[in-house]
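> starting from these lines, generate the structure:
(2 chains)
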Amino acid sequence: MINHVRVRYAPSPTGEPHLGNIRSALFNWLYARASGGQFIVRIEDTDRARLVEGAQDSILDALRWLGLDWDEGPGMEGEYGPYIQSERQALGIYQEHTDWLIENDFAYQCYCSPERLAAMRQAQQAASKSPGYDRHCRDLTEKERAEFLKQSPSPVVRFKMPTDGDIVIDDVVRGEVKFDSALLDDFVILKSDSFPTYHLANVVDDHLMKITHVMRAEEWLPSAPRHKKLYEAFGFAMPELVHLPIILGPDRSKLSKRHGATSVIYYRDQGYLSSAMLNFLAMMGWSLDDSSEILSREQLLTYFTLERIHASPAVFDKDKLEWYNGMYIRDMDPKTLSEQLIPYLEADVTGLPASVARPIDREYLTAIVPLERERLKRLSEAPEMFEFFFTDDLEYDQALLIQKGMDADGARAAAEQALAVAEAASDWSTDGLEVAYRALVEETGLKAGQLFGTIRTAISGRTATPPLFDMMSVLGRERVIARLQAAARAR
RNA sequence: GGCGCAUUCGUCUAGUGGCCCAGGACAUCGCCCUCUCAAGGCGAAGAUCACGGGUUCAAAUCCCGUAUGCGCUACCA
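Numbering: from 1, shown residues only, chains lettered A, B, ... in the order given. Alright, predicted model coming up:
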């Protein structure tokens, strides 16, 4: 049986790659790969006014980052190209199809001015009638057309929708959905700049590119009946429709900039791992069972099915994304993590202080990483978290040296004693240091928490750190001694 | 306003007529571990399955209605 799956991701280059948008790309990709089909990327740049410079690159970057490779599309020319609609427009593809529709009485030129349309809409609203084009130009005589054409030489083209009867579309996720034709107007398929609207371009290209499944966000469901009529007029076979649930913000409206960052690129830059993002995105609108939370790319590929796509919308939960990220960070080996951390650490403004020489010591870094790994939620937290390992002069509130039940003199004394032990230590390993300092606890009569707390602050400048002796061992005797000396001098 | 879709813990979800006085995960809280912070382990709290009617011996699951939310209603996608 030859039912070769071909799906597509068709972004409009009008901004940053939106989380919801990339989630659609992911589902398409997953389905293509899971079924041995093809994943096609098509750039829908028919809105010349809203085009954003660089948006296409940034969308493709997001795809590459997540490892969503495409079989045909920009940079991967296949037999159904070109894959950028403006290039297809230049080839006359949409014009030809539009002409055919007009010749066969499925479409007509409309000469109505934007002013007339606006006035019409206003009147409809005032009379609280359902809005829609009044078909003013649908049944003009040849003579009238010629007359109007003189006044508006670049008309739009509208598609003739049926005026009554139901249009039933079949959606894989939602089943049959019925629309009343009387409520659907004659929509524009070709704009006055001779670029197609989404509806025309989408139907024509999906057919020409042999797309078998149209998987897109739910907000497109209301336009499905228009597309169906277009397919019928052309005599094209209808692809399967799969409308994905929308991704919502915390206030339950469609996720948008006012909810904060929505760009996948932003999350990448913040230090979210692509594996975590992939897993998280997959679980928004799809799930495997009652217990699987962590699913690798490979597992996703083997388990993904259309049947398990949800119908109801999902709220974007940043906390859960962070949890996923932490899980995946902890799962990384120190070497790989170190490499990924370097750009964040060496970055100019957001990285380690300028006083820290670049490139940073890779070996030292690799020793630090195992100590901090389980504390990292985002790679971008590393500079702040690792800073004390690299800087020579620690700045901190010296009151932090004084532990519960101690006074300033006690803290100074503790630092001095700790210093003496550091200077005398013969074994600088984690275990060796622990033996030496446990002995000091006995000797001083301080509580372990008190002594260790003072040392912790002395050598790190903070109260929350990795385990003390691991930290001392990695910092090295020289740094530890210098820092204990400073603490002993504290006043 | 019209049309459409959706509706299980705060959030993501399991659940397709009896296994459910509803299971898991995130977040929250507590305990344990412990030199701090994490991580981890254990536990708690949290859902009258939106509401109201049916159908059935039996409904979160099927049907009808209502409500609420969201989406669409452009020469934007």
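> the helix or strand that contains residue A:120 vs RNA strand B: in contact?
Taking DSSP states H and E as the criterion, residue A:120 maps to helix A:114-126. Yes. Under the criterion of C-beta under 7 Å from any atom of the strand, RNA strand B is reached by helix A:114-126 at A:114, A:117, A:121. For glycine as for every other residue, the C-beta is placed from the backbone atoms N, C-alpha and C.
> and the second one, what does it touch?
Spelled out, that is residue A:117. With contacts defined as C-beta atoms under 8 Å, 6 or more residues apart in numbering, residue A:117 is in contact with residue A:133.
> next one: the last one
By C-beta under 8 Å, 6+ apart, residue A:121 lies in contact with residue A:131.
> buried ones in the helix or strand bottoming out on mean pLDDT in chain A, by neighbour count?
Every helix and strand in chain A was compared by mean pLDDT, DSSP states H and E; the lowest is helix A:114-126, with a mean of 89. Within helix A:114-126, the residues scored as buried using 16 or more other C-beta atoms under 10 Å are residue A:120.
> for stretch A:65-81, same thing?
Here stretch A:65-81 shows A:65-66, A:68, A:70, A:72-74, A:80-81 as buried, counting by 16+ other C-beta under 10 Å.
> again, but for stretch A:128-135
So for stretch A:128-135, counting by 16+ other C-beta under 10 Å, buried means A:132-134.
> dump that stretch to CSV, restricted to CA.
Extracted C-alpha coordinates of stretch A:128-135, given in CSV (Å, rounded to 0.1, in the frame of the first residue of the first chain):
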residue,chain,number,x,y,z
SER,A,128,-26.3,43.3,14.4
LYS,A,129,-26.3,41.2,11.4
SER,A,130,-23.6,38.7,10.8
PRO,A,131,-20.7,40.4,9.0
GLY,A,132,-19.5,39.4,5.5
TYR,A,133,-19.1,40.6,2.0
ASP,A,134,-22.5,41.4,0.5
ARG,A,135,-21.5,39.9,-2.9
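> on that earlier part again, most widely separated two among the buried residues of stretch A:65-81?
A:65 and A:80 (25.7 Å; C-beta to C-beta).
> next, count neighbours for residue A:291.
5 (other C-beta atoms under 10 Å).
> tell me the confidence at it?
Looking at residue A:291, its pLDDT reads 91.
> about what we covered before: what subset of the buried residues of stretch A:128-135 is also close to RNA strand B?
Among the buried residues of stretch A:128-135, the residues within reach of RNA strand B (C-beta under 7 Å from any atom of the strand) are A:132-133.
> got the buried residues of stretch A:128-135 as a markdown table, with secondary structure and pLDDT columns?
Output for the buried residues of stretch A:128-135, formatted as a markdown table (DSSP: H, G, I helix; E, B strand; the rest coil; pLDDT from 0 to 100):
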| residue | secondary structure | pLDDT |
| --- | --- | --- |
| A:132 | coil | 90 |
| A:133 | coil | 94 |
| A:134 | coil | 93 |
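> now the buried residues of stretch A:128-135 as JSON lines including distance to residue A:226?
Listed next are these as JSON lines, based on distance: C-beta to C-beta, whole Å:
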{"residue": "A:132", "distance to residue A:226": "12"}
{"residue": "A:133", "distance to residue A:226": "12"}
{"residue": "A:134", "distance to residue A:226": "17"}
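> closest to residue A:330 out of the buried residues of stretch A:128-135?
Among the buried residues of stretch A:128-135, residue A:132 lies closest to residue A:330 (C-beta to C-beta), at 55.5 Å.
> quick check: the closest one vs residue A:22, distance?
From residue A:132 across to residue A:22, the span is 33 Å (C-beta to C-beta, to the nearest Å).
> burial count for the closest residue to residue A:402 other than its chain neighbours?
Leaving aside its sequence neighbours, residue A:402 sits nearest to residue A:411 (C-beta to C-beta, 6 or more residues apart in numbering; 4.5 Å). Neighbour count of residue A:411, defined by other C-beta under 10 Å: 24.
> hang on, residue A:227 packs against residue A:203?
Yes. Assessed by C-beta atoms under 8 Å, residue A:227 is found in contact with residue A:203 at 5.4 Å.
> between these two, who's got more neighbours?
Applying other C-beta under 10 Å to residue A:227 and residue A:203 shows that residue A:203 carries more neighbours, namely 26 against 21.
> and the gap between the more buried one and residue A:110?
Distance from residue A:203 to residue A:110, by C-beta to C-beta: 19 Å.
> just residue A:245 next, same as before
According to C-beta to C-beta, residue A:245 and residue A:110 sit 35 Å apart.
> output stretch A:301-319 as PDB, nothing but the C-alphas.
Provided in PDB are the C-alpha atoms of stretch A:301-319 (Å, rounded to 0.1, in the frame of the first residue of the first chain):
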ATOM      1  CA  LEU A 301       9.200   9.200  17.600                       C
ATOM      2  CA  THR A 302       8.300   5.600  18.400                       C
ATOM      3  CA  TYR A 303       5.200   6.500  20.400                       C
ATOM      4  CA  PHE A 304       3.700   9.500  18.700                       C
ATOM      5  CA  THR A 305       0.300   8.900  17.100                       C
ATOM      6  CA  LEU A 306      -2.400  11.300  15.900                       C
ATOM      7  CA  GLU A 307      -5.000   9.500  18.000                       C
ATOM      8  CA  ARG A 308      -3.400  10.800  21.200                       C
ATOM      9  CA  ILE A 309      -3.500  14.400  20.300                       C
ATOM     10  CA  HIS A 310      -5.800  16.400  22.600                       C
ATOM     11  CA  ALA A 311      -8.800  18.500  21.700                       C
ATOM     12  CA  SER A 312      -8.700  20.900  24.500                       C
ATOM     13  CA  PRO A 313      -6.200  23.800  24.800                       C
ATOM     14  CA  ALA A 314      -3.200  23.800  27.200                       C
ATOM     15  CA  VAL A 315      -1.800  26.500  29.400                       C
ATOM     16  CA  PHE A 316       1.900  27.200  29.000                       C
ATOM     17  CA  ASP A 317       3.500  26.400  32.400                       C
ATOM     18  CA  LYS A 318       6.900  27.900  32.700                       C
ATOM     19  CA  ASP A 319       7.600  26.000  36.000                       C
END
